[in-house]
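K.L.:
What would the 3D arrangement of this be:
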Amino acid sequence: MLSLKNKAIIVADAHENSQRRGFYRLLEALKNGELDCPQLILMGDIFDLLIYEIKATHSFAKPYIKILEDISDKTEVLYLEGNHDFNLANFFEKVKIFPIKNQALTLSCEKNLKITQKTLKQELKSFEFKGVKGVKIAHGDIFLKPLLSFALRSLRCHFLLLFLNFLDSISKNFISTKIKNKQLNKNLFYKIKDFCNIAKSRYDKYKCENFLVLEGHYHQNFVLNEDGKYYMNLDSFAYKESFFVVELL
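P.N.:
Residues are numbered from 1 along each chain as shown. Sure thing, here's the model as predicted:
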């Protein structure tokens, strides 16, 4: 089993695109030693759109793929696929990829934890979790209603994506360009009403009492820390270019 490492950095939902490049600056800070960590955990939706079979999504991501591979020489990089970036294994040799079927990912950690939200320039806030038996990590697009879950999993089908790539190619990338342009105008930072009860319900679905559950996807920057239920929905990196640093106490 993998373990959560002291000083690990966690990044969720960077949604990098032609107008948003903050995550690349973070990667440069890791590569040049401005930041140092033994483990980098990417929680999915790092890109607005990156799919192996859809060739029009590759060119933007190539510099990121290279620098992630370079960082992997000294840092363990775990990349949990999201619903905007998937079928990624063929892009990487050293980065460890976890598709939706392998989520939630369990990391061993029988310690008290402190998780601090930071940017490259400042520390924002910290959260402590005592008596944690381990950590469950998922992008967040699991435990969905059956029809939606089936639809999302079907979209990851290799042969369907090859067909969509063919349509995209003959339409001069009309489909992929339309999706990317729609993402440029999407509000990533709205608050979900009554998310506290949603968080409690989601925690129960993991069936892991006294584990810390970490999710992205919803971009809520919300913490539940009561009655043996430890849950964090991480802020989108795209919002304030903030990431999370783990300290084992």
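
K.L.:
Next, count neighbours for Thr106.
P.N.:
By other CB atoms under 10 Å, the residues close to Thr106 number 17. C-beta: built from backbone N, CA, C; applies to glycine.

K.L.:
Tell me which helix or strand in the protein has the weakest average pLDDT.
P.N.:
Among the helices and strands of the chain, helix 146-154 carries the lowest confidence by mean pLDDT, DSSP states H and E, at a mean of 84.

K.L.:
Could you list the buried residues of it?
P.N.:
When burial is assessed from 16 or more other CB atoms under 10 Å, helix 146-154 yields no buried residues.

K.L.:
Dump the C-alpha coordinates for stretch 224-232 into CSV.
P.N.:
The C-alpha atoms that make up stretch 224-232 are tabulated as CSV, following Å, rounded to 0.1, in the frame of the first residue of the first chain:
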residue,chain,number,x,y,z
LEU,A,224,-15.8,18.2,8.1
ASN,A,225,-14.0,17.3,11.4
GLU,A,226,-16.4,15.7,13.9
ASP,A,227,-17.4,12.4,15.5
GLY,A,228,-14.7,10.4,13.7
LYS,A,229,-15.7,11.8,10.3
TYR,A,230,-12.8,13.6,8.6
TYR,A,231,-13.5,15.0,5.2
MET,A,232,-12.0,17.8,3.1
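
K.L.:
Within its sheet, name the partner strands of the longest strand that the chain contains and how each one runs.
P.N.:
The longest strand of the chain (DSSP state E) is strand 123-138. Take DSSP bridges as the rule and strand 123-138 pairs in its sheet with strand 105-118 (antiparallel), strand 211-215 (parallel).

K.L.:
need the least confident one among those, by mean pLDDT.
P.N.:
Here the strands paired with strand 123-138 differ in mean pLDDT, and the lowest is strand 105-118 at a mean of 93.

K.L.:
So which bits of it are buried?
P.N.:
In terms of neighbour count (16+ other CB under 10 Å), strand 105-118 has its buried residues at Leu105, Thr106, Leu107, Cys109, Lys111, Leu113, Ile115, Gln117, Lys118.

K.L.:
So Phe195 sits against Leu224, correct?
P.N.:
No. Phe195 is beyond contact range of Leu224, at 9.5 Å (criterion: CB atoms under 8 Å).

K.L.:
Quick one: residues contacting Gly82.
P.N.:
Asp13, Met43, Gly44, Asp45, Ile46, His139, Asp141, Gly216, His217 (CB atoms under 8 Å, 6 or more residues apart in numbering).
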